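**Student:** Build me a model from this:
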Amino acid sequence: MADLVLTASVLEETKTQIENTLIKAGVNTVLLIDEAGNIVVACGHKINDLDTTSIAALAAANFGVTSQIAKLIGEDDFALLFHKGKKDSIHVARISTDLILVTIFGDNVSLGLIRLRIAQLAKTIEKAFGQK
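**Tutor:** Numbering: from 1, shown residues only. This next block holds a predicted model:
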């Protein structure tokens, strides 16, 4: 993992981009985490109602496990994970080599919208963090 240089301006700009792209579209919670499960940015309506530290750690671990499954079937990696629940769903996407975006949303938001918005947001986040 490369060293990430985090400045207050980069973090604030990233949070603003996430809020404008996903939270305003109806997403409940978004966590930008690193590969180790550390929270880089957290925002949304349900941040205080969730154990975001555990969610971040488990999402990173889930990504690590499925990466190994991908290798077993001849893939380099899986770029995203999606889990659908009765009321809420979670979309986990690799944004760059070091960053993972965890998006929690209800059934009032379509998966297609989430995927589209995350694809757009990924470019912005990569640029802000100086990654490819």
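**Student:** what stretches of this protein score poorly on pLDDT?
**Tutor:** In the predicted model, the chain carries pLDDT under 70 at residues 1-5, 131-132.
**Student:** Report the central residue of it.
**Tutor:** Note on the chain: the residue nearest the mean C-alpha position is Leu101, at 0.9 Å, using C-alpha atoms, centre = their mean.
**Student:** wait, that one sits on Leu81?
**Tutor:** No - the criterion here is C-beta atoms under 8 Å, and Leu101 misses it with Leu81 at 11.0 Å. For glycine as for every other residue, the C-beta is placed from the backbone atoms N, C-alpha and C.
**Student:** shared neighbours, those two?
**Tutor:** Val92, Ala93 (C-beta atoms under 8 Å, 6 or more residues apart in numbering).
**Student:** circling back to that earlier point, give me the phi and psi angles of the residue nearest to the centre of the chain.
**Tutor:** Here is the backbone geometry of Leu101 (degrees, to the nearest 10): phi -110, psi 120.
**Student:** what bridges to it?
**Tutor:** Leu32, Ala93 (DSSP bridges).
**Student:** Which neighbouring residues are in contact with it, exactly?
**Tutor:** By C-beta under 8 Å, 6+ apart, the contact set of Leu101 is Val30, Leu31, Leu32, Ile33, Val92, Ala93, Ile95, Ile118, Leu121, Ala122, Ile125.
**Student:** Gly74 versus that one, what's the distance?
**Tutor:** The spacing between Leu101 and Gly74, counted by C-beta to C-beta, to the nearest Å, is 26 Å.
**Student:** same deal with Ile18?
**Tutor:** Counting by C-beta to C-beta, the gap from Ile18 to Gly74 is 33 Å.
**Student:** And Asn62, by the same measure?
**Tutor:** Separation of Asn62 from Gly74 (C-beta to C-beta) stands at 20 Å.
**Student:** Can you give the contact residues for the lengthiest helix in the chain?
**Tutor:** Taking DSSP state H as the assignment, the helix of the chain that covers the most residues is helix 52-72. Here helix 52-72 makes contact (C-beta under 8 Å, 6+ apart) with 29, 31, 33-39, 42, 76-78, 81, 90, 92, 94, 100, 102, 104.
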